[in-house]
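**Q** fold the following and give me the result.
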Amino acid sequence: MSGGRQSGARSGGDRAAEQQAEASRSSATGNAPGPWPRDPAAPRSSPAAAGLSAEQQPEAPPKPAAPAPDPSPEAAPRLIAPAQPPQLAASTRFPKDPSSPAIRHRRFRRPHPRHLSVTAVWEHSEVEHRRFATRFAGQLLLIGAGLGAFLTLVLGVQSGIFSVGWFTFLGACAIAATWGLVFVMLPMPAPDPVLRATPAVAALLITVTLSVNHSNAVDGMLLLVWPLLFAAYLLPRRTAYWTLAIVAGCLVVILAEGSGPGRFEAWVETTTSMALTLVVILRVRDQADRLKAALAEQASTDPLTGLSNRRAFDAALEREVARQRRTRAPLSLLAVDVDHFKKINDTWGHAAGDDTLAALGDLLPRLVRASDTVSRVGGEEFGVLLPDCPAPQARARADALRAEVWAASRGWTHPVTVSVGVATVPDSAAALDDLVIAADMALYAAKESGRDRVRVAPNRRREDMP
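**A** Down below sits the predicted model:
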């Protein structure tokens with residue numbers, strides 16, 4: 001008994017000594033007693049960092065054993081179902097703010113960055129063409145005036161220096177130089193009537209100068225080639241023909257008032273050569289215009305459906321929105337999408353899908369007015385612009401279009417239905433981007449509600465009311 005009590009006392013003394021040593025080690029490292037600091041945010045220090053030897057380092061506390069699995073059915077692990085994608089609430093399906101998260105679900109989106117339409121490119125090129133014609137006419141007038149002044153001052157005229165013919169030459173050169181300088185310095189194209197009259201006036205200046213001086217007829221005829229070529233290359237066809245007639249009359253005057261041998265033969269050769277040159281130039285211009293028109297049509301037409309493509313649709317949308325700002329007339333947009341189109345491609349092949357789209361491209365234009373615009377904006381999506389169409393009428397026309405597609409496609413190899421989203425300016429949107437977003441979200445709502453539906457974007461004016 002006494003031996004047991006002594007061993008117990010010794011073991012208790014050993015435990016007290018160990019606890020005191022552990023406390024001293026903890027105070028030396030700046031930590032509370034125990035293997036880990038009390039403060040979770042405080043850095044953990046290891047015994048080796050405190051300068052303890054391997055024999056003095058305390059043993060790590062044993063990890064608790066994992067509980068044995070419970071074989072009962074109640075304790076069986078439950079499978080966690082994957083999270084479903086969030087559904088849009090009714091109040092967020094048609095957001096006013098384009099930066100709203102609901103806009104991420106858009107399908108009828110506008111391309112970004114946007115590019116100029118082919119029509120706008122051609123209109124821009126026409127302006128550039130007129131600006132080039134103006135500056136080129138000014139350069140020709142300056143060159144002709146400089147050449148005439150140089151020949152007059154250096155070589156003189158037939159009637160002598162300081163004669164009427166001499167002053168007439170210099171006066172005509174001054175008029176041509178002034179006119180050409182104004183054309184070159186113009187920041188914009190010259191007015192169309194002024195530009196068309198330029199070659200005729202230049203031909204008259206040449207004719208008057210040569211007639212007063214009784215110059216060599218052959219030299220005068222060659223000078224008249226300049227205004228004719230300018231009219232043939234850069235001015236309309238009718239203006240070119242009128243310029244040819246005026247030049248032919250000027251050649252007759254120069255022939256009658258001029259001097260030198262072979263005047264009549266030179267007149268016949270020059271007039272015939274000018275006429276043939278004019279015909280060749282006009283034929284080349286006609287061919288270039290046809291190629292340009294064909295290129296513009298191909299660039300703005302969808303080859304599968306024959307409808308206008310997305311580029312032409314964007315140009316028409318901008319044009320109609322600009323007109324709506326001027327006239328304040330309502331403008332509606334229908335976003336039309338073919339339901340389950342992917343199933344047609346996956347089941348019967350892409351050829352069946354192409355046939356379906358081609359049939360829709362033939363049907364949709366017959367369901368709208370001549371002033372409306374129907375375009376294929378991408379994939380199985382179509383856009384319909386309805387100018388001067390308020391929201392109630394646009395809803396009725398969208399319902400009629402949906403019903404007509406359903407009825408007409410019953411006779412097709414693969415019948416289809418369409419979902420339609422309707423948006424109107426100024427009811428559903430105030431700007432171009434807002435109109436497209438509102439129609440897109442209405443289409444999304446029609447798809448979400450079961451397809452083969454028509455949904456109208458909410459009236460933003462009513463939502464703004466308290």
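
**Q** I'd like the distance between the nearest residue to D355 once chain neighbours are set aside and A351.
**A** Closest residue in space to D355, ignoring its immediate chain neighbours: T413 at 6.9 Å, by C-beta to C-beta, 6 or more residues apart in numbering. In short, each C-beta sits where N, CA and C put it, glycine included. Per C-beta to C-beta, to the nearest Å, T413 is found 11 Å from A351.

**Q** what's the mean pLDDT across the helix or strand A266 falls within?
**A** Assigned by DSSP states H and E, A266 falls within helix 263-299. What helix 263-299 shows for mean pLDDT is 86.

**Q** try stretch 446-465
**A** Mean predicted lDDT for stretch 446-465 stands at 80.

**Q** repeat that for stretch 385-392.
**A** Mean predicted confidence for stretch 385-392 is 94.

**Q** now that stretch - C-alpha only, CSV.
**A** Output of stretch 385-392 as CSV, limited to C-alpha atoms (Å, rounded to 0.1, in the frame of the first residue of the first chain):
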residue,chain,number,x,y,z
LEU,A,385,-40.4,46.5,-88.5
LEU,A,386,-43.9,48.1,-88.5
PRO,A,387,-43.8,51.8,-89.0
ASP,A,388,-46.9,53.9,-87.9
CYS,A,389,-48.1,50.9,-85.9
PRO,A,390,-49.2,51.4,-82.2
ALA,A,391,-48.8,48.7,-79.6
PRO,A,392,-52.4,47.3,-79.7
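
**Q** how many residues are close by the nearest residue to T270 once chain neighbours are set aside?
**A** Nearest non-adjacent residue to T270, counting by C-beta to C-beta, 6+ apart: M221, 4.3 Å away. Look at M221: counted by other C-beta atoms under 10 Å, it has 25 neighbours.

**Q** now D286
**A** 11.

**Q** same check, this time on L385
**A** Neighbours of L385 (other C-beta under 10 Å): 22.

**Q** and it, what are its bridge partners?
**A** Beta-bridge pairing of L385 under DSSP bridges involves L333, T373.

**Q** correct me, but it touches L331?
**A** Yes. Using C-beta atoms under 8 Å, L385 is in contact with L331, at 7.3 Å.

**Q** shaky segments in the stretch 1-150 of the chain?
**A** Applying pLDDT under 70 to the stretch 1-150 of the chain flags residues 1-124.

**Q** quickly note the distance from the closest residue to L364 other than its chain neighbours to A149.
**A** Of all residues not flanking L364 in the chain, V374 sits nearest, at 4.9 Å (C-beta to C-beta, 6+ apart). Noted for V374: a distance of 62 Å to A149, by C-beta to C-beta.

**Q** go on, S273?
**A** 28 Å.

**Q** what sits in contact with each of L385 and L331?
**A** Residues touching both L385 and L331 (C-beta atoms under 8 Å, 6 or more residues apart in numbering) are E320.

**Q** more neighbours: V374 and A149, which one.
**A** A direct count of neighbours by other C-beta under 10 Å for V374 and A149 places V374 higher, at 24 against 17.

**Q** quick one: secondary structure of P303?
**A** Assigned state for P303: coil (three-state reduction, DSSP: H, G, I helix; E, B strand; the rest coil).

**Q** quick check: phi and psi on it?
**A** Torsion angles at P303 (phi, psi; degrees, to the nearest 10) stand at phi -70, psi -20.

**Q** coming back round to it: what helix or strand is the residue nearest to T270 on?
**A** Going by DSSP H and E, M221 is in helix 217-223.

**Q** so after that helix, what's the next helix or strand?
**A** helix 225-234.

**Q** other SSEs contacting that next one?
**A** helix 118-155, helix 192-213, helix 237-257, helix 263-299 (3 or more C-beta pairs under 8 Å, 6 or more residues apart in numbering; DSSP states H and E).

**Q** in JSON lines: those, plus distance to G361.
**A** Shown next, in JSON lines, are the helices and strands packed on helix 225-234 (distance: least, C-beta to C-beta, whole Å):
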{"stretch": "helix 118-155", "distance to G361": "20"}
{"stretch": "helix 192-213", "distance to G361": "39"}
{"stretch": "helix 237-257", "distance to G361": "36"}
{"stretch": "helix 263-299", "distance to G361": "15"}
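
**Q** out of the ones you listed, deepest packed?
**A** Mean neighbour count (mean count of other C-beta atoms under 10 Å) peaks for helix 192-213 among the helices and strands packed on helix 225-234, with a mean of 20.

**Q** is L360 in contact with V405, as I believe?
**A** Yes. At 7.2 Å, L360 counts as touching V405 under the criterion of C-beta under 8 Å.

**Q** which neighbours do these two have in common?
**A** Shared contacts of L360 and V405 (C-beta under 8 Å, 6+ apart): V416.

**Q** give me every residue that touches D355.
**A** 412-414.

**Q** hmm, back to that, nearest to A312, out of the helices and strands packed on helix 225-234?
**A** Across the helices and strands packed on helix 225-234, the minimum distance to A312, taken as C-beta to C-beta, is reached by helix 118-155, at 7.4 Å.
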